[in-house]
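Colleague: need the 3D shape of this:
(2 chains)
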Amino acid sequence: MFSLEFMRLAAVAGIASALALAVLGVYVVLKRVVFVGLTLANVATLGAALALALRLPLELTAIAASLAAAAALAAVASPRRVPAESVIGWGFAAASALTVLILARTSADADAMRLLFGNVLAISPFEAALAAGVAALVLAVHLAFAKRFVLVVFDPQTARAAGIATGAWTVLLYLTVGGATAAAVHETGALLAFALLVLPATAALLATRGLRAAFFVAPAIGVAGVLAGLVLSFRWDLPTGPLTVALLAGAVPLAALFGRLRDRVARRS
Amino acid sequence: MKHRDPLLRFDDVALGYGEQAVLRGLSFHVCRGEFLGIVGPNGSGKTTILRAILGLLRPLTGAVTWSARPTLGYVPQREQIDTIMPVTAMEVALMGRAPRLGPLARLRSADREIARRALERVGVADLAPRLFRDLSGGQQQRVLLARALASEPDLLVLDEPTNGMDLASEHAIVELLTALNREAGLTIMLVTHLLPIVLNAASAILLIEDGRVLYGDADEVLQEDKLSELYRTPVRLGTVAGKRTLVVGGAGA
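Modeller: Numbering: from 1, shown residues only, chains lettered A, B, ... in the order given. Got it, this is the predicted structure:
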């Protein structure tokens, strides 16, 4: 089936998105801000809707909107009077409503709707290359600065006391989440992008005992989920995105079970 | 007060948030090799002082000056850290090296050796491969202390390091800090709400009570009349096994 070009392109975009989002997901899950991913995905869709309405470049507008939202969320990461989740929820609700309102005033055809909501089986070589490029950039940033990100997420106050600009690092973390999510939404849709951010990281943190292992296992689960989703949806004639999400969701309880069994064995030995 | 080489000076400092001052007229200094205990009840403003020392809060008025910007080893309140992150004790200790290395630098074997020695110094070298979240409160506190020591600090700043500990763990931490100060000459600032914690360890004490401040060498501050006046209740000091003890309430109280 991978002799078909659309399957090869889908595999490239899916694997690239899975690698970047699963690594970022480890931070997002540990920072307890998983809905940042959902909000950024919706803001990317809002950006795409705006681009359709205003005849702007779609991919760039979606990524720019997501990056702007990521920077704004990072800047208000610790509001004093309400929990951070309420600001994230505000962003989600506002972006969803505005997208629908803009589309109501825009003559969007089926192709435009695909561009808006993503379909991994209908992407162009340029879109696959864009997904791979964004993923490579995000992974390079995180490989280079992993120690800083871990320190800032683990204990921001001590990092600040040591002279590290925690605000700037949080903005960079959110920008990479925003960029990777926006690229993935455009290629795979908001649901799969959100699932790739949250589910492989959750499964990896449940299955492994250390942070380093989680950073390797999460992308492996993400890539396995994407490839299995592509193959099985092709064989069973099911929608690829929802099937991939279902497979990744199924991996979470399995990982939890594996983690518990491993802990039990470790305690006995 | 003996005047040696002040590392840090607070001169007539007012501290607060927005326009609202929490503390006013605060003057004290920390000399190299000193052990300063900052003692006050919750809400008295001692964490505000700590934030100013760490450079996280600017004074509303007055001046906070350093003779030379030292390397700070900060030990936060244990409860401040979200233990969900699955990092080992060794990885936590190694975080102490990160600010020294710059964002792109890799950890070298020398950094690992410094972190290992820091864990050894605080008596938890055997816990290095264990997950931080699986450790007891006392063990976590020691690992955080090791992280601060791994940064090779000129000044160690600790925020309520004995919170929630049993008597033995509390004693062990205070003994360890006393040894670091007296044997290794490390300058220490310890913030606590319990005066007995620093009674025998601190060389200088800053007491805060109801916005009033009492500051000086430990021998100057730890006087029955001064403490009784500050706390508005009879305070008696004694000695047991060569160590200061404190009793609140007089004979008739």
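Colleague: going by C-alpha atoms from here, please, whenever you check contacts or count neighbours.
Modeller: Noted.
Colleague: and residue 172, what does it touch?
Modeller: Defaulting to chain A. Counting by Cα atoms under 8 Å, 6 or more residues apart in numbering or on different chains, A:L172 touches A:A71.
Colleague: doesn't B:D225 fall inside a strand?
Modeller: No: using DSSP: H, G, I helix; E, B strand; the rest coil, the assignment for B:D225 is helix, not a strand.
Colleague: specify the beta-bridge partners of the closest residue to it other than its chain neighbours.
Modeller: Ranked by Cα to Cα, 6 or more residues apart in numbering or on different chains and with sequence neighbours excluded, the top spatial neighbour of B:D225 is B:V235, at 7.7 Å. Beta-bridge partners of B:V235, counted by DSSP bridges, are B:V248.
Colleague: surely B:V235 is in contact with B:V248?
Modeller: Yes: here B:V235 reaches B:V248: they are 4.6 Å apart, a contact under Cα atoms under 8 Å.
Colleague: ok, these two, which is more surrounded?
Modeller: Between B:V235 and B:V248, B:V235 has the larger neighbour count (other Cα atoms under 10 Å in any protein chain shown), namely 20 against 15.
Colleague: any idea how far stretch B:123-140 is from the middle of the chain?
Modeller: Stretch B:123-140 sits 21 Å away from the centroid of its parent chain (Cα atoms, centre = their mean, to the nearest Å).
Colleague: for that stretch, measure first residue to last.
Modeller: Start-to-end span of stretch B:123-140 (Cα to Cα, to the nearest Å) is 12 Å.
Colleague: count the neighbours of A:R260 for me.
Modeller: Neighbours of A:R260 under the rule other Cα under 10 Å: 14.
Colleague: so how far is A:A266 from it?
Modeller: In terms of Cα to Cα, A:R260 sits 10 Å off from A:A266.
Colleague: likewise A:V26?
Modeller: Taking Cα to Cα, one finds A:V26 at 24 Å from A:A266.
Colleague: again with B:E229
Modeller: Per Cα to Cα, B:E229 is found 58 Å from A:A266.
Colleague: chain A contacts on chain B?
Modeller: Neighbours of chain A within chain B, by Cα under 8 Å from any Cα of the partner chain: B:54-56, B:71-76, B:80-88, B:95, B:98-99, B:103-104, B:131.
Colleague: thinking again about what came up before, which one's more surrounded, B:E229 and A:A266?
Modeller: Comparing B:E229 with A:A266 by neighbour count (other Cα under 10 Å), the higher total belongs to B:E229, at 12 against 9.
Colleague: surely A:A11 and A:L227 touch.
Modeller: Yes: A:A11 is within contact range of A:L227, at 6.8 Å (criterion: Cα under 8 Å).
Colleague: between the two, tell me which one has more neighbours.
Modeller: The residue with more neighbours, out of A:A11 and A:L227, is A:A11; 22 against 18, by other Cα under 10 Å.
Colleague: what about that one, which helix or strand?
Modeller: Assigned by DSSP states H and E, A:A11 falls within helix A:5-30.
Colleague: pull out the buried residues from the helix or strand that that helix is followed by.
Modeller: Using DSSP H and E, the next helix or strand after helix A:5-30 towards the C-terminus is helix A:34-54. Within helix A:34-54, the residues scored as buried using 16 or more other Cα atoms under 10 Å in any protein chain shown are A:34-52.
Colleague: repeat for stretch A:121-129
Modeller: A:121-125, A:127-128.
Colleague: just name the closest of the residues you listed to A:M7, please.
Modeller: Of all these, A:M7 sits closest to A:L121, with 6.6 Å by Cα to Cα.
Colleague: tell me what the longest helix seen in chain B is packed against?
Modeller: Scanning chain B for the longest helix, with DSSP state H as the assignment, gives helix B:167-182. If you count contacts as 3 or more Cα pairs under 8 Å, 6 or more residues apart in numbering or on different chains; DSSP states H and E, helix B:167-182 packs onto helix B:137-150.
Colleague: by mean pLDDT, flag the weakest helix or strand of the chain.
Modeller: Going with chain A. Within chain A, no helix or strand scores below helix A:110-117, which has a mean of 63 by mean pLDDT, DSSP states H and E.
Colleague: the intended chain is chain B.
Modeller: helix B:98-101 (a mean of 81).
Colleague: the following helix or strand past it - what's its average pLDDT?
Modeller: Counting by DSSP H and E, the element after helix B:98-101 in chain order, helix or strand, is helix B:109-121. Across helix B:109-121, the average pLDDT comes to 94.
Colleague: what does helix B:109-121 rub up against?
Modeller: B:90, B:93-94, B:96-97, B:125, B:128, B:142-143, B:146-147, B:149-150.
Colleague: okay, now residue 9: neighbour count?
Modeller: Just going to use chain A. Look at A:L9: counted by other Cα under 10 Å, it has 22 neighbours.
Colleague: can you look at chain B instead?
Modeller: 18.
Colleague: gap between the nearest residue to it once chain neighbours are set aside and B:V39?
Modeller: Closest residue in space to B:R9, ignoring its immediate chain neighbours: B:H29 at 4.3 Å, by Cα to Cα, 6+ apart. As judged by Cα to Cα, B:H29 and B:V39 stand 15 Å apart.
Colleague: and for B:R100?
Modeller: From B:R100 across to B:V39, the span is 31 Å (Cα to Cα).
Colleague: same thing with B:D111?
Modeller: From B:D111 across to B:V39, the span is 34 Å (Cα to Cα).
Colleague: repeat for A:L9
Modeller: Here A:L9 is placed at a distance of 64 Å from B:V39 (Cα to Cα).
Colleague: repeat for B:P153
Modeller: From B:P153 to B:V39 the distance is 22 Å (Cα to Cα).
Colleague: which SS class is the nearest residue to A:L9 once chain neighbours are set aside?
Modeller: Spatial nearest neighbour of A:L9, chain neighbours left out: A:A128 (5.8 Å); criterion: Cα to Cα, 6+ apart. A:A128 carries the three-state label helix when classified by three-state DSSP.
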